[in-house]
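Engineer: Predicted model, plus sequence, below.
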Amino acid sequence: MSDYVKEIMLRVSAKNPAEPEFHQAVAEVAESVSLVYDKYPEYRSAQIFERLIEPERVIMFRVPWMDDRGEIQINRGYRIQMNSAIGPYKGGLRFHPSVTLGVLKFLAFEQVFKNSLTTLPMGGAKGGSDFDPKGKSDNEVMRFCQSFMNGLFRYIGPDTDVPAGDIGVGGREIGYLFGQYKKLVNEFTGVLTGKGLNWGGSLIRPEATGYGATYFAAEMLSTRGETLEGKTCLVSGSGNVAQYTVEKVNQLGGKVVTLSDSNGYIYDEEGIDAKKLAWVMELKNVRRGRIQEYADAFKTAVYTPLDPKLDHNPLWNHKAQCAFPSATQNEINARDARHLLANGVYCVSEGANMPTTPEGVKVFVDAGILYGPGKAANAGGVATSGLEMSQNSMRLPWTREEVDQRLSLIMKSIHRTCVETADQFGTPGNYVNGANIGGFLKVANAMLDQGLV
Ligand code: NDP
Ligand code: 2IT
């Protein structure tokens, strides 16, 4: 760790106690930014990074709602408006019991750099609640979403802050949130993305994160003259990102052998083909069941329950060439990273946000594998949200082919930025530096232009 990073981290830890995920995300970007500060001291004297780690605004609010038994429940809602130098705040909402201020600050911080990489004019934000949608009825989810929007609507808008989905927030939740916003403000606007196709949503938005992470892997492989054809892939999670990663990997000729949820994972040696994937989509999106059922439905699969006593995740201990962590933060530790390398994996494209611990990242970077960090590899989701915003502004929908083509071009552009920036700063092949610095420079230059913001 350089002296600059040590000094920054002392300040960040003292000022933001009990926010380990935020510290983790800041430390990684600080290492990359120290290369920029060495080369271009004007950013250091303007204290750009020091400003970037302080959110522009944090909104916290009570979310009271009534469950189906008539009992009152109280959750906490948040929106972290991190940076608006290059566009309105933009980023998802996460509903999960593990949500804290520190988790959302790490996600909002990552979002600033990710959104900058997309080439589209979007600032960075994240929000959500410690509400757990699991086991709740549709009516309970609706009442929660309505109360959440009652607390949030004053602070968002199509030119101010445009939330979207993340863990626990999909099409159903965006519908309830949009309906309540419209009722409160009396305006039909593009205030949220991930909307339904009949009411302002964009084709390909549901697919975009998984497709994008797969396009990013294909770009990384192309630097070695390879494709996904014939590659065996490990995917974690079984939600939105995981599902559409499997779909695109299959379309590009690869084979996915794993999926998981918070209870365990399945390994299907024969691969999760289109028919099995359709079954998973029905299980997860309609019946909202557990991945364990896959092994009952398909005899080719083995289910392994999660063992919290283990110091590694056995999902990452299977023969493969590519891995797409697509569940949550810190799901690959150093031991998992070493297992992946030992099993032949040399291409990791992160669908999730910060799924690899700092020690795990070091294992990948030191080994010189194709390692695409989340803020580059999973940027296709928010990029397509940006395309949804464009269509809403024009009041004209694009075709599936048009949106997919733009998504694919954006992922190629992000990949190019990573490779060229890593080269320029003396660390060829290091996509971590490429993404962090590439994302930083655009935001930093906008902040320099705009005075002391
Ligand atoms: P979903 O809610 O659709 O799916 C999340 C999946 O991850 C589920 O299978 C869930 O299992 C599993 N999971 C969640 N939390 C944990 C945990 N603590 N331990 C183990 N498994 C867990 O979310 P998404 O697919 O949208 O999001 C997945 C990741 O991708 C997140 O990191 C998110 O931030 C990131 N991402 C999402 C984007 C999007 O457009 N949706 C865009 C960019 C990144 P279970 O059902 O048991 O909870
Ligand atoms: O982490 C992310 O990039 C998202 N959850 C998507 C955000 C968005 O605004 O589409």
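Structural biologist: Yes, it's here. Ligands and ions are numbered 1, 2, ... in the order given.

Engineer: Count the neighbours of residue 407 for me.
Structural biologist: Neighbour count for residue 407, taken as other CB atoms under 10 Å: 25. In this view, the C-beta of every residue, glycine as well, is placed from N, C-alpha and C.

Engineer: correction: residue 398
Structural biologist: Using other CB under 10 Å, residue 398 has 18 other residues around it.

Engineer: Would you mind giving the secondary structure of it?
Structural biologist: For residue 398, the secondary structure call by DSSP: H, G, I helix; E, B strand; the rest coil comes out as coil.

Engineer: give the contact list for it.
Structural biologist: Going by CB atoms under 8 Å, 6 or more residues apart in numbering, residue 398 touches 202-203, 387, 391, 406.

Engineer: Who wins on neighbours among these?
Structural biologist: Within these, most neighbours by other CB under 10 Å means residue 202, with 26 neighbours.

Engineer: residue ranges of the helices in the stretch 351-453 of the chain, please?
Structural biologist: 358-367, 374-377, 380-394, 400-424, 431-449 (DSSP state H, counting those that start in this stretch).

Engineer: quick one: which of those helices is nearest ligand 1?
Structural biologist: Across the helices of the stretch 351-453 of the chain, ligand 1 has its closest neighbour in helix 380-394 (3.1 Å, CB to the nearest ligand atom).

Engineer: CA-only coordinates of that closest one, as CSV, when you get a sec.
Structural biologist: Included here for helix 380-394 are C-alpha records, laid out as CSV according to Å, rounded to 0.1, in the frame of the first residue of the first chain:
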residue,chain,number,x,y,z
GLY,A,380,-24.1,-3.1,-19.3
GLY,A,381,-27.0,-3.0,-17.0
VAL,A,382,-26.7,0.7,-16.1
ALA,A,383,-25.7,1.5,-19.7
THR,A,384,-28.9,0.1,-20.9
SER,A,385,-30.7,2.0,-18.2
GLY,A,386,-29.1,5.1,-19.8
LEU,A,387,-30.5,3.9,-23.2
GLU,A,388,-33.9,3.6,-21.5
MET,A,389,-33.6,7.2,-20.3
SER,A,390,-32.7,8.3,-23.9
GLN,A,391,-35.8,6.6,-25.3
ASN,A,392,-38.0,8.1,-22.6
SER,A,393,-36.6,11.6,-23.4
MET,A,394,-37.4,11.1,-27.1
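
Engineer: Would you mark the buried spots in it?
Structural biologist: Residues 380-392 are the ones in helix 380-394 that count as buried (16 or more other CB atoms under 10 Å).

Engineer: How about whatever residue of the chain ends up closest to ligand 1: what's its closest non-neighbour residue?
Structural biologist: Ligand 1 sits closest to residue 239 of the chain, with a gap of 1.8 Å, by CB to the nearest ligand atom. Beyond its immediate neighbours in the sequence, the residue positioned closest to residue 239 (CB to CB, 6 or more residues apart in numbering) is residue 284, lying 6.5 Å away.

Engineer: In this structure residue 375 contacts residue 109, no?
Structural biologist: No. Residue 375 is beyond contact range of residue 109, at 9.6 Å (criterion: CB atoms under 8 Å).

Engineer: Neighbour count: those two, which is higher?
Structural biologist: residue 375 (31 against 25).

Engineer: before we move on, what SS does the closest residue in space to the more buried one that isn't next to it in sequence have?
Structural biologist: Leaving out its chain neighbours, the residue that sits closest to residue 375 by CB to CB, 6+ apart is residue 114, at 4.1 Å. For residue 114, the assignment made with three-state DSSP gives helix.

Engineer: likewise residue 245?
Structural biologist: Following three-state DSSP, residue 245 is assigned to helix.

Engineer: Isn't it up against residue 324?
Structural biologist: Yes. Using CB under 8 Å, residue 245 is in contact with residue 324, at 4.9 Å.

Engineer: coming back round to it: what about the residue of the chain closest to ligand 1, neighbour count?
Structural biologist: Neighbours of residue 239 using other CB under 10 Å come to 23.

Engineer: How about the residues of the protein by ligand 2?
Structural biologist: 90-92, 111, 114, 164, 166, 193, 353, 381-382, 385 (CB under 6 Å from any ligand atom).

Engineer: What is the most widely separated pair among those residues?
Structural biologist: 193 and 353 (16.9 Å; CB to CB).

Engineer: rewinding a little: check the gap between the residue of the chain closest to ligand 1 and residue 301 for me.
Structural biologist: 18 Å (CB to CB, to the nearest Å).

Engineer: swap in residue 69?
Structural biologist: 37 Å.

Engineer: Those two - which one has more neighbours?
Structural biologist: residue 301 (21 against 6).

Engineer: Who does that one form a beta bridge with?
Structural biologist: Beta-bridge partners recorded for residue 301 (DSSP bridges): residue 268.

Engineer: who are the neighbours in contact with it?
Structural biologist: 266-268, 294-295.

Engineer: Mean confidence (pLDDT) on stretch 148-156, please.
Structural biologist: Across stretch 148-156, pLDDT averages out at 98.

Engineer: With stretch 164-184 instead?
Structural biologist: Mean pLDDT, computed over stretch 164-184, is 98.

Engineer: That stretch near ligand 1 anywhere?
Structural biologist: Yes. Applying CB under 6 Å from any ligand atom, one finds stretch 164-184 touching ligand 1 at 165-168, 170.

Engineer: can you give me the offset of that stretch from its chain's centre?
Structural biologist: Centroid displacement of stretch 164-184 relative to its chain, using CA atoms, centre = their mean, to the nearest Å, is 18 Å.

Engineer: could you pull out the helices for the stretch 51-200 of the chain?
Structural biologist: Using DSSP H, counting those that start in this stretch, helices in the stretch 51-200 of the chain cover 101-117, 138-152, 171-185.

Engineer: Just tell me which of the ones you listed ends up closest to residue 75.
Structural biologist: Comparing the helices of the stretch 51-200 of the chain by CB to CB, helix 138-152 comes nearest, at 7.1 Å.

Engineer: So what's the gap between stretch 311-321 and the chain middle?
Structural biologist: 21 Å.

Engineer: Just the terminal-to-terminal distance for it.
Structural biologist: Distance between the two ends of stretch 311-321: 23 Å, counting by CA to CA, to the nearest Å.

Engineer: And it, what's buried?
Structural biologist: In stretch 311-321, counting by 16+ other CB under 10 Å, buried: 312-318, 320-321.

Engineer: How about residue 197: what's its closest non-neighbour residue?
Structural biologist: Excluding its sequence neighbours, the residue lying closest to residue 197 (CB to CB, 6+ apart) is residue 203, at 6.8 Å.
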